[in-house]
Every structure is written in structure tokens, then in C-alpha cells.
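S.K.: how would this look folded up:
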Amino acid sequence: MARRALKLASWTSMALAASGFYLYSNKYLDPNDFGAVRVGRAVATTAVISYDYFTCLRSVPYGSEEYLQLRSKVHLRSARRLCELCCANRGTFIKVGQHLGALDYLLPEEYTSTLKVLHSQAPQSSMQEVRQVIREDLGKEVLVLAVKQLFPEFEFMWLVDEAKKNLPLELDFLSEGRNAEKVAQMLKHFDFLKIPRIYWELSTKRVLLMEFVDGGQVNDRGYMERNKIDVSEVSRHLGKIYSEMIFVNGFVHCDPHPGNVLVRKHPGTGKAEVILLDHGLYQVLTEEFRLDYCHLWQSLIWMDMKKVKKYSQRLGAGELYPLFACMLTARSWNSVNRGISQAPVTAAEESEIRDNAANYLPQISQLLSHVPRQMLLIFKTNDLLRGIEAVLGTRASASSFLNMSRCCIRALASHKKKNTCSFFRRTQISFSEAFNLWQINLHEFILSVKGLRLANWVLALLCWLFPASH
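M.R.: Purely as a prediction, here's the structure:
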């Protein structure tokens, strides 16, 4: 177990290093501006964390009370070191740290609770640093190749390509403003979604002025309880928003960490409202990818394992399709086979996923290097959403899967109707779509009745066991 913990810590640190060290040039005298300094800092942090795990856990009996207490302390020390590394190196290290801080379902609590500070209290950059980021040359492949030689089983050259493509987009505030307005128009039928207004007359490529909207972070259960906001309703809203983006429109907000998703009571209606911030990074899905992804999720939800294999392989998973399905759903392979909508995530399953994460990192790395580039940001988005659901206690709810299935049915039907000229065929597709949606509505109604009946049974049992005294 010490070896596994050491491996997980090492890969986590190296992922931070690989994701961030090529992002800054050496145009200023501040040592932080030298890429080599960032690399050295990341490598040193990796070494210290690895040594800490190795020396502290190797002589303690695995599974003992002493082992668990000691491991928790090492986790906490390591998480603090990673957080310090992110704050010192900034840039993409902050982005990766924010992502890791949202993986409550995957990483130990000591890591996620420590790294959560990066969601709302990340270090600020000076104007000099901002100008440097805008001007910098991203040609640091030589360093990436050097690290690749040290860790040949971890393929991460794709990180360079993705950073080159995405960083300029995130730094173009006019593009961010256009994204915000596009998604606001696209999802205007959702009265529970708030996209802050853009003040174009006061915005430029480097300055974006938006409407100020106040709210609590989406993972702040205390805020929701104090303001009487229904946690399950918030989770359903978030699922509807992202299902519509991914399956129906193919235009996806790809940075939903808790600092970018706020909740509040609507000033007028008093109902729960989701506020979506930071529209710099969106993924535009090709039609072929979007439709294959729809088919894959339909297959996962309805336990069609032949189609799970078929569409996973169409999306680049090859023979690693079981791992692909597990990564996509954040469930074990046994749960995928039994049906991800059939049973909630158990503590034993969460423990299994955490324990196996380090062992499969080389395969995960290989898979990520072969799937379509569109899939990388979808994975990131899924991870962040699963993390939010884990905190809210709504993971793997039947309602979220039914909403996804509705969007898949609509998307696939729309594609079929668009590609046929026959009125009879279009009518047939429309009837089939309506019937499938009716089936889902009926299934949801039956589930709600069962839930209500169970609640009534429990209430009746409690009244019988503890009759009111008069």
C-alpha cells in the first residue's frame, strides 16, 4: 500500500509538472519566470512527497490503526506541498490544482480539502506577469521530451498540444464574452440558469467587464442549507445544463470547478438558480463525436455492453474500452456491467476506485494520448461534475441518468430527421422520439411513486415504534 500511495503521489506531482512547466518564458529576472525553476520545483516536490510516503509507511503494518492515522498525516503533508507548488508555479499548475481539488470521489479527503482553496483564493498575477503570459512562446517541447525520457510509461506530449490550443483562447476576453452570450442564448429556455451580462462598451481583448452576481459555491452545502436551497434541485439543474450542452448542442463549458459555478435563490421566484462563470474555455464537438458519445451513454445507461464496446472503440479507446467506460462514469467495471443507473455508489466502490487509480495510471495515460482531443476536455468536465455531485451527495442518481437519456434521444432523433427528406420517415422518427421520451417520463414517475411509498412506510413504522404521548 505504501508503494501504491507513493506511486499515486509521484504521478500526481508529475502530472502537475508536465501540465505546467512549459507555460512560462524567461524574459524577466524574477526566478519564477524561468521554466527550469518551475520544473526543478516540481521535481523537488515530487521527490520529497515520494520519500515521505516511502519512509513513513514502509515499516508500519498495513491496515492497522497506526497505519491509517500515519497515512492520513502523510496525505495531509503531501497535499500541502502540492498546494504550495501550485501557488508558487501558478499558471497551469493552478488549473490542475483546481481540478484535483474537485475530485472528491477519487482522491483522499486530505488532498481535496487542502486543494479546494485554489477554487476561490488562487494567487493573483501582476500586470507584468499577465503581459508575459500573453506574449510567451510555448515552444518547450524539449523539456517535455526530457521528462518523457525519465518516465517513458507516462505519455503526456498531448498536454503540450492542448495547452498550445487552449491557452490563447482563455486569454482572449472578447472570445470569452462571445462564449457567454452564445451559451446564454443557447440555454435561454432554462429559467434556472444565470449567465452574467457582458458590458461590451467597457470591454476589450484584455479587459472584460461583466455583471456582478452574488452566490455561494456549488459545493457549499452549508450555504445552501442556510439559504434553504434544495441540494438535489441544484444537482438536477447542473445535470440538465451540461447534458444539453454536450449531447444536444455540442458546445461545452469545460471548467466547471466550484469557483466557477455559484448558486443562489432567484431574486424574483425564490427558486434555486445556477450561475455559470468563466466562459474562456469551451469545447466544440464535431457532429460525429457528439453522436457517438450519445450512443455510448445510451448504451451505458441501458446496459447494452456490446454497444458500450462498439462506441468506446469508435471514440478511440481500443482494447482499453473497459477502462474508458470506468473513467467516463467514475464507476467500477462491475457496476458498469450491472447498470450504473441501477445502484448508488457505495463506500466500498469508492475505496476500490481510489485504491486502483495509481495502479492504472500508465494505462490511463496511454488511453488519454489516443482518444480524440475533444475527449480530453470532456473527461475534465466529467471529473469536475462528479466531484460536485460527490460533495452534494447526489452521485449516480436515477434522475441525472434519465435527464441524460432524454437529451441523447432528442439529439439522435434530430440528427435522423435532418438527414431524411421523406415526410413519412420524419413522422416515424418523431413518433419514436415521443414514445421513448414518454417511456422515460413513465419510468421517472414510477420511481417517484416508489420513493413516496417507501417514505410513507418508514413514517408509518416510526409512528408505530414511537407513538406520540398525550
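
S.K.: Give me the buried positions along stretch 336-354.
M.R.: Along stretch 336-354, these residues count as buried under the neighbour rule (16 or more other CB atoms under 10 Å): 336, 340-341, 345, 349-350, 352-354. No exception for glycine: its C-beta is placed from N, CA and C like everyone else's.

S.K.: nope, stretch 46-59 is what I meant
M.R.: Buried residues in stretch 46-59 (16+ other CB under 10 Å): 46, 48-50, 52-54, 56-57.

S.K.: Switch those over to CSV; also include pLDDT.
M.R.: Listed next are those as CSV, based on pLDDT from 0 to 100:
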residue, pLDDT
T46, 79
V48, 85
I49, 84
S50, 81
D52, 85
Y53, 83
F54, 82
C56, 85
L57, 82
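
S.K.: In helices, which of these appear?
M.R.: 46, 48-50, 52-54, 56-57 (DSSP state H).

S.K.: mind showing which ranges of this protein have poor pLDDT?
M.R.: For the chain, applying pLDDT under 70 flags the ranges 1-36, 91-92, 95, 99, 102-106, 119-170, 358, 361, 395-399, 447-470.

S.K.: mind listing the strands for it?
M.R.: Assigned by DSSP state E, the strands in the chain fall at 193-194, 216-217, 251-253, 261-265, 272-276, 282-284.

S.K.: for the stretch 351-470 of the chain, what spans make up the helices?
M.R.: Remark: helices assigned in the stretch 351-470 of the chain by DSSP state H, counting those that start in this stretch are 361-370, 373-392, 398-418, 423-465.

S.K.: Buried deepest among those, which one?
M.R.: helix 373-392 (a mean of 21; mean count of other CB atoms under 10 Å).

S.K.: From the chain's centroid, how far away is that one?
M.R.: 2 Å (CA atoms, centre = their mean, to the nearest Å).

S.K.: just the CA coordinates of that helix, formatted as PDB?
M.R.: Listed in PDB are the C-alpha atoms of helix 373-392, where the atom choice follows Å, rounded to 0.1, in the frame of the first residue of the first chain:
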ATOM      1  CA  ARG A 373      -8.600  15.700 -28.400                       C
ATOM      2  CA  GLN A 374     -12.300  16.600 -27.800                       C
ATOM      3  CA  MET A 375     -12.500  13.800 -25.300                       C
ATOM      4  CA  LEU A 376      -9.800  15.300 -23.100                       C
ATOM      5  CA  LEU A 377     -11.800  18.300 -22.000                       C
ATOM      6  CA  ILE A 378     -15.000  16.200 -21.700                       C
ATOM      7  CA  PHE A 379     -13.100  14.000 -19.300                       C
ATOM      8  CA  LYS A 380     -12.000  17.000 -17.300                       C
ATOM      9  CA  THR A 381     -15.600  18.300 -17.300                       C
ATOM     10  CA  ASN A 382     -17.000  15.000 -16.200                       C
ATOM     11  CA  ASP A 383     -14.400  14.800 -13.400                       C
ATOM     12  CA  LEU A 384     -15.400  18.200 -12.100                       C
ATOM     13  CA  LEU A 385     -19.100  17.500 -12.200                       C
ATOM     14  CA  ARG A 386     -18.700  14.100 -10.500                       C
ATOM     15  CA  GLY A 387     -16.700  15.900  -7.800                       C
ATOM     16  CA  ILE A 388     -19.500  18.300  -7.200                       C
ATOM     17  CA  GLU A 389     -22.000  15.500  -7.100                       C
ATOM     18  CA  ALA A 390     -19.900  13.700  -4.600                       C
ATOM     19  CA  VAL A 391     -19.900  16.700  -2.200                       C
ATOM     20  CA  LEU A 392     -23.600  17.200  -2.600                       C
END
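
S.K.: need the contact list for the spatially closest residue to L202 that is not a sequence neighbour.
M.R.: Leaving out its chain neighbours, the residue that sits closest to L202 by CB to CB, 6 or more residues apart in numbering is L209, at 4.3 Å. By CB atoms under 8 Å, 6 or more residues apart in numbering, L209 lies in contact with 198-199, 202-203.

S.K.: roughly how far apart are L209 and L193?
M.R.: Distance, L209 to L193, by CB to CB, to the nearest Å: 21 Å.

S.K.: Likewise for R77?
M.R.: 41 Å.

S.K.: Likewise for H253?
M.R.: 11 Å.

S.K.: would you turn the strands of the chain into JSON lines with distance to T329 and mean neighbour count?
M.R.: Listed next are the strands of the chain as JSON lines, based on distance: least, CB to CB, whole Å; neighbours: other CB atoms under 10 Å:
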{"stretch": "strand 193-194", "distance to T329": "25", "mean neighbour count": "20"}
{"stretch": "strand 216-217", "distance to T329": "25", "mean neighbour count": "19"}
{"stretch": "strand 251-253", "distance to T329": "18", "mean neighbour count": "22"}
{"stretch": "strand 261-265", "distance to T329": "21", "mean neighbour count": "21"}
{"stretch": "strand 272-276", "distance to T329": "23", "mean neighbour count": "21"}
{"stretch": "strand 282-284", "distance to T329": "19", "mean neighbour count": "18"}
